[in-house]
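In: how would this look folded up:
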Amino acid sequence: MGKINNALKNILTGPDNALDIRNLKYLPRWAVLLIDIGIVTISTILTIIILLDLSPFQYSLLGTFDKAVLTVSTNIVFFYVFKTYAGIIRYSSNIDALKLLLATISSFITLLVINYASLLILDEKIFLVGGLLINLWISFSLLFLFRLGVKQVYEYFKIAQKSESLINAIILGVDENAISIAGALEIEHPKRFRIVGFLTQGSHKSLRILDKPVLQHNTKIHKEVKSLGADAIIFSENTFTPEEKFKLVEECLEHDIAVYNAPLVSSWNDNKPIGENIKTLQIEDLLEREPIQLEVQNKIEQLTNRTILVTGAAGSIGSEIVRQVAEYNPKRLIILDQAETPLHNLQLEIESKFPDLNFKVIICDVGNKKRLDLMFENYNIDVVYHAAAYKHVPLMESNPHEAIFVNILGTKNLADLAVKNKVGHFVMVSTDKAVNPSNVMGASKRAAEMYVQSLYHEQIKLGISNTKFITTRFGNVLGSNGSVVPLFKKQIERGGPVTITHPDIIRYFMTIPEACQLVLEAGAMGKGGEIFVFDMGEPVKIMDLAIKMIKLAGYQPNKHIKVRITGLRPGEKLYEELLNDECKTLPTHHKKIMIGQDVVRDYEMINDKIDKIIKSANKLKNDKVVAKLKDLIPEFKSNNSLYERLDSVAELKKE
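Out: Modelled structure (predicted):
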């Protein structure tokens with residue numbers, strides 16, 4: 001008993017042991033229904049008592065108990081019909097009152113119909129009509145007063161024991177979603193936001209919504225926000241272009257105004273407090289271009305009822321390719337990776353989201369050709385999406401042989417087996433670091449690009465163009481494993497410092513879904529031998545990115561969160577390119593996608609040099625590995641790396 005009392009005390013009291021009814025959780029729906037049934041039962045008993053006192057005459061077709069059961073049962077039916085128990089009592093609104101009125105009136109009408117049907121059939125009524133009216137009035141009054149009483153008691157405690165520090169916020173927008181968000185935040189407890197007004201691009205002079213002023217946004221949003229005494233804005237609509245949104249956010253951050261993003265109310269998580277659905281704006285929300293939208297029909301033809309292999313399937317890019325391919329109902333989806341735990345997690349996710357999908361999970365290193373050969377023999381693969389790769393620049397600079405085993409040998413194994421087994425399409429995921437590479441990772445990906453391109457043209461030369469080899473090349477992917485955005489987020493959460501290798505470093509960015517859409521689109525539109533390049537907009541200065549992320553998190557750069565320059569890492573360069581000087585571009589049917597036409601090298605020469613690189617890697621001779629890579633890729637110039645001396649040796653040999 002003592003444990004129960006302690007638990008009840010913990011529920012009803014705050015940290016200072018003061019009574020705090022606000023700590024009570026929401027009642028479950030079944031509990032609200034039971035309370036309503038109890039109230040209707042009490043109403044029926046009160047009606048019987050009143051009728052017995054008013055008149056000795058009563059119809060005797062049914063006994064008093066049976067009449068009460070019939071009345072309560074009818075009310076229960078209409079409670080279910082109108083879902084009167086579905087709302088949260090402390091947040092009861094006019095809609096809840098209307099539902100109660102409809103339920104009790106419907107019960108009255110139903111009992112009235114039953115009453116006169118009994119008169120027609122049995123020549124006697126069951127109820128006094130006056131009794132039904134009294135019951136209607138008492139039932140509705142008690143049900144309504146119960147909700148009103150709970151709400152008022154709760155409001156009293158909110159005012160009397162209020163201790164929250166609220167964020168004064170303006171809702172950006174006046175559409176239905178904006179009004180719903182404002183209404184929900186106003187009745188929430190514990191409160192996180194105090195809505196002080198609305199801001200709109202339209203003309204709404206002297207308009208008030210929810211008794212809050214509506215201001216028209218003209219040029220300086222920070223002045224309008226401050227005029228209402230607000231400290232934050234909440235985006236509630238998607239009518240802004242990325243450029244407009246970016247400018248608004250820039251201005252807000254410059255004037256220490258917090259920025260939040262609210263999804264559609266219909267998509268809110270019901271298990272969370274209302275305010276937790278309002279999140280600080282993420283850097284991904286500020287991608288300075290319109291998201292890419294691609295055709296669906298060509299991918300349906302490419303993927304539906306086909307056997308698809310995805311390598312590197314447990315990675316951030318590979319796993320998203322798997323999710324997108326699964327939507328197209330392939331005949332079989334083969335998911336391959338060497339990372340056990342992420343692969344297991346992906347398997348559980350696919351089983352849950354796509355219970356009818358025919359898929360096979362395989363743990364395999366793409367450098368293991370015997371295992372790959374067996375897999376190709378067992379499954380008649382139609383399309384390969386090759387996303388398996390080592391991608392961390394400093395790690396590959398320290399371990400060049402591992403970059404060779406996975407990025408070059410793994411690609412060669414898969415490409416050779418694709419030709420041998422007459423795979424229709426082979427789509428390789430590459431990187432902008434393969435263009436004029438300055439590190440081993442980028443050079444290894446460039447060597448893989450050169451191999452698949454030359455192999456495709458070798459097929460044509462031999463008259464056996466069975467496999468279409470297609471390459472996709474894009475920049476950094478927001479949120480991918482090892483990318484700078486998740487790193488900055490973790491550093492900010494830890495209180496800093498945020499580390500940047502160089503104040504002038506710039507990068508192109510795209511989202512994971514966009515990157516994977518490009519891969520699927522390339523597989524569908526490619527004729528073979530192309531390198532598809534995505535128009536990624538303007539490059540982003542990493543210093544600016546870090547400062548925006550710190551401000552979006554509600555901190556001041558170099559005041560609350562330090563920004564520290566660490567120096568360029570081995571192999572890192574200040575900017576990346578998507579095309580080299582020799583590469584020409586051709587347009588496609590989509591304005592955001594271009595085809596890069598590289599100079600095609602001789603397959604025999606490429607194959608011979610790659611074999612020599614692989615042999616050197618097997619001997620773990622790092623200098624020889626990198627030197628042979630430079631021989632294969634003349635534009636490969638090491639940057640901030642111990643292999644820079646190999647460039648000097650090569651220059652001396654030329655002279």
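In: In stretch 40-53, which residues are buried?
Out: Neighbour-count burial for stretch 40-53, counted by 16 or more other Cβ atoms under 10 Å, picks out 40-41, 43-44, 47-48, 51. For glycine as for every other residue, the C-beta is placed from the backbone atoms N, C-alpha and C.
In: And these, which is closest to residue 246?
Out: Nearest to residue 246 among those: residue 40, at 56.5 Å, using Cβ to Cβ.
In: quick one on the thing from earlier: among the buried residues of stretch 40-53, which ones are in strands?
Out: Among those, no residue falls in strands (DSSP state E).
In: how about JSON lines for those residues, with distance to residue 471 and pLDDT added?
Out: Converted to JSON lines, these look like this (distance: Cβ to Cβ, whole Å; pLDDT from 0 to 100):
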{"residue": "40", "distance to residue 471": "71", "pLDDT": "90"}
{"residue": "41", "distance to residue 471": "74", "pLDDT": "91"}
{"residue": "43", "distance to residue 471": "75", "pLDDT": "89"}
{"residue": "44", "distance to residue 471": "77", "pLDDT": "88"}
{"residue": "47", "distance to residue 471": "80", "pLDDT": "87"}
{"residue": "48", "distance to residue 471": "83", "pLDDT": "85"}
{"residue": "51", "distance to residue 471": "86", "pLDDT": "83"}
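In: quick one: which of those sit in helices?
Out: If you go by DSSP state H, the buried residues of stretch 40-53 have 40-41, 43-44, 47-48, 51 in helices.
In: CSV for these, including distance to residue 619?
Out: Output for these, formatted as CSV (distance: Cβ to Cβ, whole Å):
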residue, distance to residue 619
40, 86
41, 88
43, 91
44, 92
47, 97
48, 98
51, 103
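In: from those residues, which is closest to residue 222?
Out: Nearest to residue 222 among those is residue 40, at 55.0 Å by Cβ to Cβ.
In: Count the neighbours of the closest residue to the closest one other than its chain neighbours for me.
Out: Nearest-residue entry for residue 40: residue 75, 4.5 Å, with adjacent residues in sequence omitted and distances by Cβ to Cβ, 6 or more residues apart in numbering. Using other Cβ atoms under 10 Å, residue 75 has 28 other residues around it.
In: could you say which helix or strand contains residue 214?
Out: Residue 214 is part of strand 212-216 when elements are defined by DSSP states H and E.
In: quick one, what contacts the residue nearest to residue 495 when sequence neighbours are not counted?
Out: The shortest distance from residue 495 to any non-neighbouring residue, by Cβ to Cβ, 6+ apart, is to residue 561 (6.9 Å). By Cβ atoms under 8 Å, 6 or more residues apart in numbering, the contact set of residue 561 is 491-492, 495-498, 550, 553, 555.
In: cool, and residue 134?
Out: Taking Cβ under 8 Å, 6+ apart, one finds 47, 50-51 in contact with residue 134.
In: What distance do you get for it to residue 71?
Out: Relative to residue 71, residue 134 is positioned 11 Å away (Cβ to Cβ, to the nearest Å).
In: what's the answer for residue 395, then?
Out: In this view, residue 395 and residue 71 are 76 Å apart by Cβ to Cβ.
In: Those two - which one has more neighbours?
Out: Counting neighbours by other Cβ under 10 Å for residue 395 and for residue 71 shows that residue 71 has the greater number, 25 against 17.
In: so what pLDDT did the more buried one get?
Out: The model reports residue 71 with a pLDDT of 88.
In: and residue 444, helix, strand or coil?
Out: helix (DSSP: H, G, I helix; E, B strand; the rest coil).
In: Equivalent analysis for residue 471, please.
Out: Assigned state for residue 471: strand (three-state reduction, three-state DSSP).
In: Contact partners for it?
Out: 427-428, 430, 449, 452-453, 522, 530-532.
In: In strands, which of the residues you listed fall?
Out: Per DSSP E, the subset of the contacts of residue 471 in strands is 427-428, 430, 531-532.
In: Determine which two of those residues are furthest apart.
Out: Greatest spatial distance in the ones in strands among the contacts of residue 471: 427 and 531, 11.3 Å, computed using Cβ to Cβ.
In: how's this protein carved up into domains?
Out: Per automatic domain parsing, the structural domains of the chain span 2-160, 167-281, 297-474+528-534+578-632.
In: Send me the strand holding residue 214 as CSV with only the CA atoms.
Out: Extracted in CSV, the C-alpha atoms of strand 212-216 (Å, rounded to 0.1, in the frame of the first residue of the first chain):
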residue,chain,number,x,y,z
LYS,A,212,-3.7,37.3,-32.2
PRO,A,213,-2.6,40.0,-34.6
VAL,A,214,-1.6,39.3,-38.2
LEU,A,215,1.2,41.3,-39.7
GLN,A,216,2.1,41.5,-43.4
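In: So for the next helix or strand after it, what gets flagged as buried?
Out: Scanning forward in sequence from strand 212-216 by DSSP H and E, the next helix or strand is helix 221-227. The neighbour-count check on helix 221-227 (16+ other Cβ under 10 Å) flags 221-222, 224-225 as buried.
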